[in-house]
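K.L.:
Need coordinates for the below:
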Amino acid sequence: MAGTETTTTTPEPKTTGDGGVEAGLDALETAGTTRPPLRRTLTAKVLPPVTAVLLVLVVWQALVTFKVVDDPTKLPPPSAVWHVVQHDWLEGKLLGYIWTSVSRGLLGFLLALVIGTPLGLLVARVGFVRAAIGPILSGLQSLPSVAWVPPAVMWLGLNNSMMYAVILLGAVPSIANGLVSGVDQVPPLFLRAGRTMGASGLRGVWHVLLPAALPGYVAGMKQGWAFAWRSLMAAEIIASFPDLGVGLGQLLENGRNALDMAMVFEAILLILFVGIAIDLLLFSPLERWVLRSRGLLVKS
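P.N.:
Predicted coordinates:
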């Protein structure tokens with residue numbers, strides 16, 4: 001009717017408690033997955049190790065400059081070590097030293113994975129095998145890898161087979177024990193749920209057991225690589241032979257025989273560099289992926 005005013009009110013959207021919680025969780029997730037600024041990344045991840053290296057170099061140089069260690073045959077200055085590294089690089093030898101050891105180490109580690117993974121599953125899932133082999137694996141893991149070099153030389157001779165045998169004896173127990181530890185931490189509910197959905201036998205191992213045991217397995221692989229690398233260095237130092245080529249362990253032994261401390265430090269630094277590089281390029285990304293896939297690490 002004329003003269004009467006009608007007002008239309010728009011209903012306000014209703015927000016339920018559950019919707020508010022979901023919106024809050026979405027906001028938290030969005031805020032957590034934003035990439036941090038480059039400056040913060042450099043400050044948090046690059047600056048600390050660079051500072052540590054510089055501090056070591058400063059202390060090293062100070063020990064030489066202030067005659068705390070005045071015998072260059074015992075502690076050469078950093079510049080002398082750098083000159084040796086530079087000389088080997090210009091001569092084309094440096095990459096050869098590194099490749100000889102890295103190729104052996106990685107191939108031996110892959111063989112250790114092939115052997116250690118089924119062995120770990122067998123020990124973890126079969127009670128009789130665990131009772132029989134479990135203590136032996138733990139004992140082998142605690143045995144110094146250098147102890148295997150003399151019998152490996154006597155069994156196989158001075159060749160690459162001896163090197164790989166020492167690597168396997170050092171790495172396989174760690175990989176197997178890591179997988180056993182990971183399997184032991186898998187909740188039985190996961191296995192029952194997998195069997196209910198038809199994942200039994202090998203399918204259950206592949207689709208349920210191994211993914212659930214992955215954190216322990218990755219830790220075992222990382223420790224297995226450390227043992228493999230240490231075992232290889234021990235074999236190269238003790239069982240040196242011209243036909244085997246010059247790896248980093250052989251380089252270290254050559255420096256000792258020549259009483260060249262700069263060469264000794266070169267070999268030590270290269271061994272350390274390779275160990276850090278393999279960890280940063282291989283195992284650190286693998287660990288981050290495992291943690292992120294379980295929601296334990298915010299993607300950055």
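K.L.:
quick one: which helix or strand includes the spatially closest residue to Met163 that is not a sequence neighbour?
P.N.:
Sequence neighbours aside, Ala235 is the residue nearest to Met163 in space, at 5.1 Å (criterion: C-beta to C-beta, 6 or more residues apart in numbering). Every C-beta, even on glycine, is put in place using the N, C-alpha and C of the backbone. Counting by DSSP states H and E, the element that carries Ala235 is helix 214-238.
K.L.:
For that helix, which residues meet the burial criterion?
P.N.:
Within helix 214-238, the residues that qualify as buried by neighbour count (16 or more other C-beta atoms under 10 Å) are 214-237.
K.L.:
Just want the angle from the longest helix belonging to the chain to helix 214-238.
P.N.:
Scanning the chain for the helix with the most residues, using DSSP state H, yields helix 94-125. Here helix 94-125 points in a direction 130 degrees away from that of helix 214-238 (axes from the mean of the first three to the mean of the last three C-alpha atoms, to 10 degrees).
K.L.:
pLDDT averaged over whichever helix or strand comes after helix 94-125, what's the number?
P.N.:
Scanning forward in sequence from helix 94-125 by DSSP H and E, the next helix or strand is helix 127-142. Confidence for helix 127-142, expressed as mean pLDDT, is 88.
K.L.:
right, and the helix or strand after helix 127-142?
P.N.:
Under the assignment DSSP H and E, the closest C-terminal helix or strand after helix 127-142 is helix 149-156.
K.L.:
Could you give me the buried positions within that following helix?
P.N.:
Val149, Ala152, Val153, Leu156.
K.L.:
And the longest helix of the chain, what's buried?
P.N.:
For helix 94-125, burial by neighbour count (16+ other C-beta under 10 Å) applies to 94, 97-98, 100-102, 104-106, 108-109, 111-113, 116-117, 119-121, 123-124.
K.L.:
So which elements touch that helix?
P.N.:
The helices and strands touching helix 94-125, judged by 3 or more C-beta pairs under 8 Å, 6 or more residues apart in numbering; DSSP states H and E, are helix 78-90, helix 127-142, helix 160-184, helix 214-238, helix 248-257, helix 261-278.
K.L.:
by contact count, what packs against the helix holding Ala235?
P.N.:
Packed on helix 214-238, when contacts are counted by 3+ C-beta pairs under 8 Å, 6+ apart, are helix 94-125, helix 149-156, helix 160-184, helix 248-257, helix 261-278, helix 284-293.
K.L.:
In JSON lines: those, plus distance to Ala62.
P.N.:
JSON lines is the format used below for those (distance: least, C-beta to C-beta, whole Å):
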{"stretch": "helix 94-125", "distance to Ala62": "28"}
{"stretch": "helix 149-156", "distance to Ala62": "38"}
{"stretch": "helix 160-184", "distance to Ala62": "37"}
{"stretch": "helix 248-257", "distance to Ala62": "24"}
{"stretch": "helix 261-278", "distance to Ala62": "16"}
{"stretch": "helix 284-293", "distance to Ala62": "32"}
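K.L.:
any idea which of the buried residues of helix 149-156 is closest to Val180?
P.N.:
Ranked by distance to Val180 (C-beta to C-beta), the buried residues of helix 149-156 are led by Ala152 at 25.5 Å.
K.L.:
From what I see, Arg256 and Ala267 are in contact.
P.N.:
No: here Arg256 lies out of contact with Ala267, judged by C-beta atoms under 8 Å, at a distance of 9.2 Å.
K.L.:
Between the two, which has more neighbouring residues?
P.N.:
Here Arg256 and Ala267 are set side by side on neighbour count (other C-beta atoms under 10 Å), and the busier one is Ala267, at 24 against 14.
K.L.:
For Asp71, which of the helices and strands packed on helix 94-125 is the nearest?
P.N.:
Relative to Asp71, the nearest member of the helices and strands packed on helix 94-125 by C-beta to C-beta is helix 261-278, separated by 9.1 Å.
K.L.:
Contacts for that closest one, please.
P.N.:
72-76, 80-81, 83-85, 88, 94, 97-98, 101-102, 105, 225-226, 229, 233, 248-249, 251-252, 254-256 (C-beta atoms under 8 Å, 6 or more residues apart in numbering).
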